[in-house]
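Trainee: fold the following.
(2 chains)
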Amino acid sequence: EPEVTQTPSHQVTQMGQEVILRCVPISNHLYFYWYRQILGQKVEFLVSFYNNEISEKSEIFDDQFSVERPDGSNFTLKIRSTKLEDSAMYFCASSDLVSGAGETQYFGPGTRLLVL
Amino acid sequence: RKEVEQDPGPFNVPEGATVAFNCTYSNSASQSFFWYRQDCRKEPKLLMSVYSSGNEDGRFTAQLNRASQYISLLIRDSKLSDSATYLCVFRGSTLGRLYFGRGTQLTVWP
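Mentor: Residues are numbered from 1 along each chain as shown, chains lettered A, B, ... in the order given. Predicted coordinates for the structure are as follows:
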């Protein structure tokens, strides 16, 4: 079964540093998402991406965040200057309306980010 | 304003028990509804979509009440492997963002 993959699985960084979280969505999916989950809290939407541009973003997704699809397979989330409160699990998801099961967003295993 | 509200539990039930979870949502324009399950420190995984007429998948039954803005999940004949956090999720538009509840924790004991 195709799956979303994410790297790294864990990342520890110093406050103020830049981090890039990487995702490989399911092949032939066209819609991509980032969510995050702070420990003990609910999963929160960050941003959605389609056709090489942001479709929607939440209030969490401020100027410190950016997304990119640098090639045909990767989808990245960059945090320019990390804050302590950015510590969370970051999930990538992908979806494809065309496939018939397209309403489902498939989640990757996540990257656990710890900002010290 | 909380968009999705769930009883956080925990629910602790013996194997074989029937357990039900409820969830309310605030956005009356919500289009699609789902139950996801999340194991500890893992990603959310789709358990089932929730349709207006109600739907069943094996031991799991989901119901939607648009008038009262709640959805429910019934698990019959609980298994140890059902132990997880169950997330109530809705989406406002096709391919739009998902809104998650905080989840209801279920532990099934032998």
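
Trainee: tell me which residues form a beta bridge with B:Gln6?
Mentor: Taking DSSP bridges as the rule, B:Gln6 bridges to B:Cys23.

Trainee: now chain B, which segments are flagged as low pLDDT?
Mentor: For chain B, the stretches with pLDDT under 70 are B:1-2, B:94-95.

Trainee: return the residues of it in contact with chain A.
Mentor: Taking Cβ under 8 Å from any Cβ of the partner chain as the criterion, chain B approaches chain A at residues B:4, B:32, B:41-46, B:49, B:87, B:91, B:94-103. C-beta coordinates here come from the backbone N, C-alpha and C atoms, glycine included.

Trainee: just the buried positions in stretch B:42-53, please.
Mentor: Of all the residues in stretch B:42-53, those buried under the rule 16 or more other Cβ atoms under 10 Å in any protein chain shown are B:Glu43, B:Pro44, B:Leu46, B:Leu47, B:Met48, B:Ser49, B:Val50.

Trainee: the most centrally placed residue in chain A is in what secondary structure piece?
Mentor: Centrality entry for chain A: nearest residue to the mean C-alpha point is A:Trp34, 3.1 Å, by Cα atoms, centre = their mean. Per DSSP states H and E, A:Trp34 falls inside strand A:31-37.

Trainee: rewinding a little: restricted to strands, list the buried residues of stretch B:42-53.
Mentor: When the buried residues of stretch B:42-53 are checked against strands (DSSP state E), the matches are B:Leu46, B:Leu47, B:Met48, B:Ser49, B:Val50.

Trainee: list the contacts of the fourth one.
Mentor: Contacts for B:Ser49 were tallied using Cβ atoms under 8 Å, 6 or more residues apart in numbering or on different chains; they are A:Glu103, A:Thr104, B:Ser32, B:Phe33, B:Phe34, B:Asn55, B:Ala62.

Trainee: now, of the residues you listed, which are buried?
Mentor: Members of those classed as buried by 16+ other Cβ under 10 Å are A:Glu103, B:Ser32, B:Phe33, B:Phe34, B:Ala62.

Trainee: which one among these gets closest to A:Gly16?
Mentor: B:Phe34 (37.7 Å; Cβ to Cβ).

Trainee: how far does the helix or strand that contains the closest one sit from its chain's centre?
Mentor: Secondary structure assignment for B:Phe34, by DSSP H and E: strand B:32-38. In terms of Cα atoms, centre = their mean, to the nearest Å, the centre of strand B:32-38 is found 5 Å from the chain centre.

Trainee: now it against strand A:31-37, angle please.
Mentor: Between the axes of strand B:32-38 and strand A:31-37, defined by axes from the mean of the first three to the mean of the last three Cα atoms, to 10 degrees, the angle is 50 degrees.

Trainee: contacts only, for the residue nearest to the centre of chain A.
Mentor: A:Trp34 neighbours (Cβ under 8 Å, 6+ apart): A:Leu21, A:Cys23, A:Leu46, A:Val47, A:Val67, A:Leu77, A:Tyr90, A:Phe91, A:Cys92, A:Ala93.

Trainee: could the buried ones among the contacts of B:Ser49 go into JSON lines alongside distance to A:Thr111?
Mentor: Below are the buried ones among the contacts of B:Ser49 laid out as JSON lines (distance: Cβ to Cβ, whole Å):
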{"residue": "A:Glu103", "distance to A:Thr111": "25"}
{"residue": "B:Ser32", "distance to A:Thr111": "27"}
{"residue": "B:Phe33", "distance to A:Thr111": "28"}
{"residue": "B:Phe34", "distance to A:Thr111": "23"}
{"residue": "B:Ala62", "distance to A:Thr111": "31"}
